[in-house]
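> need a structure here:
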Amino acid sequence: MNEGLIPKRYAKALYKFACEKGADRGLYRLMGNLGRSFADNPALESTVANPFVGEEEKVSLLKTAASVGLPVSGKETSEISDTKTEEVYGDFLKLLRQNKRLSMAAAIARAYCDIYRKENRIYKVTVVSAKPLDAPERQRLTRLIESHLNGGKMEGSFSTDPELIGGFTVDIDNERLDASVKNELKQLRLKLLKQA
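Here you go, the predicted structure:
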């Protein structure tokens, strides 16, 4: 069977189960942490796939990896660490263990997050500017992006890249707005080359 199809099926079933239990939002944050743990630690995936590592150790590792980076206090912590979310995640790990699918945990976490974002109209947004944006600029740009999302929610990050020279780029899922000086210079160069 297709390796990409299996994680999507597990993620779809997990999302449905989490919704029934009222733990879908908490599980989304937890699965996001799990996905980031796998991205930040490439050895994690090979460890979970290693047949010489015991299943108890793998389950314990996946529990720890899902809780890495959790906020210490506040509403988000209660959503993630609530009993329903913990039970759903525990049942999910038991199912993966029974079906010998613990090695697919990273792919399932990514697929779950994709499903959750689609169902809740959440868009991944990345803003890269030539210099750090101050608070009013960031708020203005955030409002502009949110108006483009037609009622959708923005889940984003801001970073800087001096190579842009000036301006910014905005990536919304698979769509890009490039308002950088670097891009303007590139377009001008192409135009001049065509005329030559």
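
> Residue 113: how many residues sit nearby?
22 (other CB atoms under 10 Å). Using the backbone N, CA and C atoms, a C-beta is placed for each residue, glycine as well.

> buried residues in whichever strand or helix holds it?
Assigned by DSSP states H and E, residue 113 falls within helix 105-119. Residues 105, 106, 107, 108, 109, 110, 111, 112, 113, 115, 116, 117 are the ones in helix 105-119 that count as buried (16 or more other CB atoms under 10 Å).

> Compute the distance between the fifth one and residue 48, please.
Residue 109 is 11 Å from residue 48, where distance means CB to CB, to the nearest Å.

> now the last one
Taking CB to CB as the measure, residue 117 falls 24 Å from residue 48.

> Next secondary structure after the helix holding residue 113?
Moving toward the C-terminus from helix 105-119, the next helix or strand (DSSP H and E) is strand 122-129.

> and stretch 133-146, what's its mean pLDDT?
Averaging pLDDT along stretch 133-146 yields 92.

> Distance from the chain centre to that stretch, please.
How far stretch 133-146 lies from its chain's middle: 21 Å, per CA atoms, centre = their mean, to the nearest Å.

> hang on, the earlier thing: so which pair among the buried residues of helix 105-119 is furthest apart in space?
Greatest spacing in these, by CB to CB: 105 and 117 (18.7 Å).
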